[in-house]
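Asks: A predicted structure for the sequence below; I have some questions about it.
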Amino acid sequence: MNRTALGKLFVAVGAAAVVSVSALLPTSVFAEESGLVNVYSARKEALIKPLFDRFTQDTGITVNLVTGKADALLKRLEVEGSASPADLFVTVDAGRLHRAKEAGVLQVAKSAVLEELIPANLKDRDGYWYGMTQRARTIFYVKGKVDPAELTTYEDLADPKWKKRICVRSSSNIYNQSLVASMIDANGVEATEVWAKGLVANFAKPPAGGDTDQLKAAAAGVCDIAIANTYYFGRLLKSTDEESQAVASKLTAFWPNQTDRGVHMNVSGVGVTKHARNLGNAVKLMEFMASDESQAWYGEENNEYPVVSGAKVSDVLDGLGQFKADDIDLSKLGENNRAAVELMDRAGWK
Amino acid sequence: MSVVKTSKRTNRISGLSLSSLLIVLILALPIAVIIGFVFKGSVDVFSHLYDTVLIDYVTNSLLLMFGVGAGVLLLGIPTAWLTSVCDFPGRKIFAWALLLPLAVPAYIIAYTYTGLLDYAGPVQVAIREITGLGYGEYWFFEIRSLPGAVVMLALVLYPYVYLLSRAAFLEQSASTLEVSRTLGYNQWQGLFKLALPLARPAIIAGLTLALMETLADYGTVQYFGVSTFTTGIFRTFYGFGDSAAAAQLAAFLLGFVALLVLVEKYSRRKARYHSSAEYKAKAKLIPLAGWKAAMAYFICLIPVLFGFLIPAIQLAYWSFTQADLSDGAFAQLAWNSFYLAFLAALIAVGFALILAYAKRLNPRKIVSFSVATAGMGYALPGTIIAVGVIIPFAWLDHQLIALASNWFGVDLGLILSGTLVALLFAYTVRFLAVSLGAVQSGLDKIKPSLDGAARTLGSTPLQVLRQIHVPLMKSSVLTALLIVFVDVLKELPATLILRPFNFNTLAVRAFELASDERLVDAAPASLLIVVVGLLPVILLSRSIAKGRTGS
């Protein structure tokens, strides 16, 4: 390519690029009268956009979406303040919803429908946010290597009999932080710290990777027990890939703490932002997310448990069996989060 | 230098300096915001970190830096030397193929090697099936570890060293080699006593870029479970929900980098590195044959094989066999990535040229200091830069909104912070160091006396620029454009936070799927990042080569 051709290409691409940028500048996200709702979501696009598309089909209301990490989006909400275009804030854990409430970026949105549908322990006690899906964080064991009678509670995982037998991901992960936060609520900080030290001593390998990696590690013989969220296991079970199926076939879910508080649960949830301009549409979208249809969709698509009682539980989850769930007030997960992280730092949980 | 500072040109110089100072001030704003957090107390967080994990963070970060530093030098310098000075089969292909790993994001190479090499991957499964041993009964390299992270980062970051030191080797004209012979040096002595010391600014520039990128890396180390200072910053941000304390940690990181840069500057104090670029006789290549040629071939093959071919093949395999392609829109994603990277490269290199020339024409302390400051953003993780961008932008937006509603009664909405303006600005802050490094190392090699001579012969400064600097600088500027382009293409965290509604890039798509533990489904988008990045890598490396040989 000679110089002029390269130069022309440059100019052409540059012009197209500038057009593309300017096309995005005059955003239509502020028109209050039109059918719009703007969402900041920590839930990944693939796991929420299909639902929003359905909502748009049903109601004609356009949904604008930005996805990202919860804390970063929360920061964006905070600094944008009253000028923020966001109407809804979606997260995948109760701790961050609590953090958003504390940061003052949410408001109480009145919805008789949601108040009735969603159980008290799965929503904010003051009405700032609502849980939309549930997942259990439970124990998966390798068939044949662990006798289910050996397993009892999360607390028991600190017992030396599990030495070098446990796989769990990093304590930087919010699901571990929430689990520990729930244990702080049940047993207090000191006892939980002793427990965490015992657990760390039982690790088969230093924590790395995600929940799926822990399940794979267990199946590969690295450890006998993995702690993971149910939907990761459900995804392996449902996979068409042989390797994933082989992993799932070697493992079984165990429901701990059935004689006391129950299995640790977390929610994905949603709250209306303090300066929402499309309040009505925002509430409509939340109510749509709590509809039977949406609740069933989450079950099928991401193997999550519904928050609305009576909504269909997916076959895969049904196959894992019934269990008693911890009905802790989820706000406490947020309140105890910092103490949980500090405690895990002290316990040497990487 | 005195010739340059003729009184006649005072006006022009101060105009350039002024605009450069303005640029620096604007670009330093996010960094200033971050440093500003230092004055917000959060002592309890620090005493907690100090008591528990801080030593671990610092140790790991230092080990990572030393490891990656050694790695990029070992991979980058020999390959640069071989492809620019020696002749062996495959040299011409390696000359550009060695750049390919630049197009592979570090977190993606980490994903692919984990998929291959961890206990559940095909390699270890095969070992277990063949030998009948169980896990733990045989030794295997643990990819998810500090050494693993070192290898991953070195494999994708060495092209910085390669690119810049190769340019330096090529620009060391034939006379350098002749001098070397005159002094009675053999090839190796020539390399160590002349070529390497002369290429030092370029090598250091490349090394600095690689190390700053290493310090800013979050994706790879986090995935490997290696606790570094940067993962500590995010643990503080996400775990404690304390963005102020996170920003303070980031400020310390900046302080450390500033110290490094100062030490480097001090260590070469008065040394000047101008080669006689006006005498551009083409150096004769040293022909290699037999086992020497084979050695050269393998030395060049290794980084290309492990840094590009294996991960790219793995991604292609996943994409075409198992990945879920239903969630398409790949053309839109690729175009979004492409034009953002293209514009950001033009902006960053434009600014770098202004700054570099301002510094050259007006080598006052204040100018060099501000230019050095402007490049600091590269050592900061993108998320932190984004926070530093969004705070002043949102503030400005609020002022504009108040103004508009007071004067015109209209609701302006966010015109800066929720748009691509913020994103392009963040890219510029983050990647200015990259373009500055390349542009400056090119400019450093043009003797100031050359400018002087031309001026004495009656050329206007603009003529000097057009007739001397443009041809001599062309390859450096193209190099700068190329690196920024590819860097922006790979950029994730700032894009994630600052992008507007309904706007995604390839990196965002790849990240969303990968962080949802769907590595295989993330492969198509990852592969496209590599492919889009390849195009300019090949185009520009050819153009650079042409510019040099003058054909």
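Replies: Arrived safely, thanks for sending.
Asks: Give me the nearest residue to A:Ala17, chain neighbours excluded.
Replies: B:Tyr339 (3.5 Å; CB to CB, 6 or more residues apart in numbering or on different chains). Any C-beta I mention is one placed from the backbone N, CA and C, and that applies to glycine too.
Asks: Off-centre distance for the helix or strand where that neighbour lies?
Replies: B:Tyr339 is part of helix B:330-361 when elements are defined by DSSP states H and E. Averaging C-alpha positions (CA atoms, centre = their mean, to the nearest Å) puts helix B:330-361 13 Å from its chain's average.
Asks: and what of stretch A:218-238?
Replies: Counting by CA atoms, centre = their mean, stretch A:218-238 comes out at 17 Å from the chain centroid.
Asks: if we can go back for a sec, dump the residue contacts of the residue nearest to A:Ala17.
Replies: A:Val13, A:Ala16, A:Ala17, A:Ser20, A:Val21 (CB atoms under 8 Å, 6 or more residues apart in numbering or on different chains).
Asks: Now do the SS call for the first one.
Replies: Put simply, A:Val13 is helix when judged by DSSP: H, G, I helix; E, B strand; the rest coil.
Asks: what sits against the nearest residue to it once chain neighbours are set aside?
Replies: Distances taken as CB to CB, 6+ apart put B:Phe342 closest to A:Val13, at 5.9 Å, once the chain neighbours are dropped. Contacts for B:Phe342 were tallied using CB under 8 Å, 6+ apart; they are A:Val13, A:Gly14, A:Ala17, B:Phe485.
Asks: quick one: which of the residues you listed has the most company?
Replies: Per-residue neighbour counts (other CB atoms under 10 Å in any protein chain shown) across the contacts of B:Phe342 peak at B:Phe485, which has 30 neighbours.
Asks: I'd assumed B:Leu343 was in contact with that one.
Replies: No: applying CB atoms under 8 Å as the test, B:Phe485 and B:Leu343 come out as separate, 9.7 Å apart.
Asks: one step back: what's the following helix or strand after the helix holding B:Tyr339?
Replies: Following helix B:330-361 in sequence, per DSSP H and E, is helix B:365-374.
Asks: buried set for that following helix?
Replies: B:Val367, B:Ser370, B:Val371, B:Ala372, B:Thr373, B:Ala374 (16 or more other CB atoms under 10 Å in any protein chain shown).
Asks: Number of residues surrounding whichever residue of chain B sits closest to chain A?
Replies: For chain B, the residue closest to chain A is B:Gly225, as judged by CB to the nearest CB, at 3.0 Å. Residues near B:Gly225, counting by other CB under 10 Å, number 22.
Asks: next one: phi and psi at it?
Replies: Reported as degrees, to the nearest 10, the phi and psi values for B:Gly225 are phi 70, psi 30.
Asks: Check what pLDDT it gets.
Replies: Looking at B:Gly225, its pLDDT is 87.
Asks: Could you pull up the contacting residues of it?
Replies: A:Ser170, A:Pro206, A:Pro207, A:Ala208, A:Gly209, A:Lys350, B:Arg144.
Asks: Count the neighbours of the first one for me.
Replies: A:Ser170 is surrounded by 20 other residues when neighbours are defined as other CB under 10 Å.
Asks: what's the answer for the fourth one, then?
Replies: Burial of A:Ala208, expressed as a neighbour count using other CB under 10 Å, amounts to 24.
Asks: rewinding a little: what angle separates the helix holding B:Tyr339 from helix B:365-374?
Replies: If you take axes from the mean of the first three to the mean of the last three CA atoms, to 10 degrees, helix B:330-361 sits at 160 degrees to helix B:365-374.
Asks: buried set for helix B:330-361?
Replies: B:333-349, B:351-361.
Asks: and if you look at stretch A:124-141?
Replies: A:124, A:127-141.
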